[in-house]
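Asks: no sequence for this one, just the structure:
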């Protein structure tokens, strides 16, 4: 079981992912904006962050960078809505541990998160 | 700043589509799993019944007549239980099959005696219901079977054994089995009498014992569901 912060401005996506993660026994907190994400991370110190790179007007890469510098132990999986070959180098440089392209499979997300926790 | 919005691979509709197909996939797998589970439970139940039957035959003797008696009485009591909508019939079946296992505690010469039992022999024979429940006392699976084993020789009028229970104080499965047991004794050959009774004679006997030896409702259901079954196989 891991504590996971879910950052996405699309409520439906958060709801579905939350159900899947909770069914696996994870503890889930949600944020829909960059400020919320930083605040939630501050008070919960999650082991994992699922971060949508498109959250309102914020630059997801900046949020990622900030999260990683505040919480170097947290693993960050970013959800990108551009092809991986474009987003991956940039995301990794911003501190992301893994990148998935949207639309994504909730079950694959679960697998990748487990690998991040174990690895 | 949004990353390359013009090249976005994502919209909510495509995301929902993926989630929906994953859900459908999971549902299908879950369905298949539960079917498989049901199949295994059925197999396990059948195995329990077969095991109980084998156990009863080991205890009571493997002769064809014992086997036939077990199968007939179990079939009839099951039919009546179904007709009377009893719950947990699979568990009751185990009781039907094991009803006489307590005879293990009764000397063979009494069980096989080719004639009526004297008073001492009867007393020894009447030990078998309690000996039977003692044998299976620790088997949780056989808890519902206990009532059949202990009480299948009780009588509706309270004149039976071992507890002299009367009327609805006798557990219903035991009342049902009592009719099946006696009906089978009447219609099959026994060492202590010249010939068995015909179906009609046996029906007459158990019907005349409605309300004395037997639960009248059970006799009615028995005559309704079991007798037609035997008429077609015997005539």
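Replies: Thanks, I have the structure now. All of these numbers come straight from a predicted model, not from anything done at the bench.
Asks: Let me know the helix or strand that the residue nearest in space to the middle of chain A is in.
Replies: Against the mean C-alpha coordinate of chain A, by CA atoms, centre = their mean, the closest residue is residue A:50 at 1.2 Å. Taking DSSP states H and E as the criterion, residue A:50 maps to strand A:48-52.
Asks: ok now do residue 73, which residues does it touch?
Replies: Chain wasn't specified; assuming chain A. Residue A:73 sits next to residue A:47 when contact means CB atoms under 8 Å, 6 or more residues apart in numbering or on different chains. Quick note: C-beta positions are derived from backbone N, CA and C, even for glycine.
Asks: should've been chain B
Replies: B:96, B:99, B:177, B:180, B:181, B:184.
Asks: Drop anything exposed from those.
Replies: B:96, B:99, B:177, B:180, B:181, B:184 (16 or more other CB atoms under 10 Å in any protein chain shown).
Asks: Report the mean per-residue pLDDT for stretch B:112-129.
Replies: Mean pLDDT, computed over stretch B:112-129, is 93.
Asks: which residues touch it?
Replies: So stretch B:112-129 is contacted by B:100, B:102-103, B:105-107, B:110-111, B:149-153, B:161-162, B:191-192 (CB under 8 Å, 6+ apart).
Asks: tell me how far the ends of that stretch are from each other?
Replies: 18 Å (CA to CA, to the nearest Å).
Asks: Run the chain-centre distance for it.
Replies: How far stretch B:112-129 lies from its chain's middle: 25 Å, per CA atoms, centre = their mean, to the nearest Å.
Asks: Flag every buried residue along it.
Replies: Buried-residue list, stretch B:112-129, by 16+ other CB under 10 Å: B:121, B:125, B:126, B:127, B:128, B:129.
Asks: Need the nearest residue in space to the fifth one, chain neighbours excluded.
Replies: I take that to be residue B:128. With CB to CB, 6 or more residues apart in numbering or on different chains as the criterion, residue B:128 has its nearest non-adjacent residue at 3.6 Å, and that residue is residue B:102.
Asks: ok, and does the helix or strand that comes right after the strand holding residue A:50 reach over to chain B?
Replies: Following strand A:48-52 in sequence order, the next helix or strand is strand A:54-55 (DSSP H and E). Yes. Counting by CB under 8 Å from any CB of the partner chain, chain B has neighbours in strand A:54-55: residue A:54.
Asks: Do me a favour and average the pLDDT over the next helix or strand after strand A:54-55.
Replies: Going down the chain from strand A:54-55, the next helix or strand is strand A:58-59, by DSSP H and E. Taken as a whole, strand A:58-59 carries a mean pLDDT of 88.
Asks: cool, and stretch B:15-33?
Replies: 94.
Asks: tell me which residues of it are tucked away?
Replies: B:15, B:18, B:19, B:22.
Asks: what's the following helix or strand after the helix or strand hosting the last one?
Replies: Secondary structure from DSSP H and E places residue B:22 in helix B:12-60. Per DSSP H and E, helix B:12-60 leads on to helix B:64-83 as the next helix or strand towards the C-terminus.
Asks: now the angle from that next one to helix B:12-60?
Replies: Between helix B:64-83 and helix B:12-60, the angle comes out at 140 degrees (axes from the mean of the first three to the mean of the last three CA atoms, to 10 degrees).
Asks: Next, the angle helix B:12-60 makes with the helix or strand following helix B:64-83.
Replies: For helix B:64-83, the following helix or strand on the C-terminal side (DSSP H and E) is helix B:89-97. Between helix B:89-97 and helix B:12-60, the angle comes out at 10 degrees (the same axes, to 10 degrees).
Asks: quick one: stretch B:13-29 to chain centroid distance?
Replies: 45 Å.
Asks: is any part of it close to chain A?
Replies: Yes. Stretch B:13-29 reaches chain A (CB under 8 Å from any CB) through B:14, B:15, B:16, B:17, B:18, B:19, B:22.
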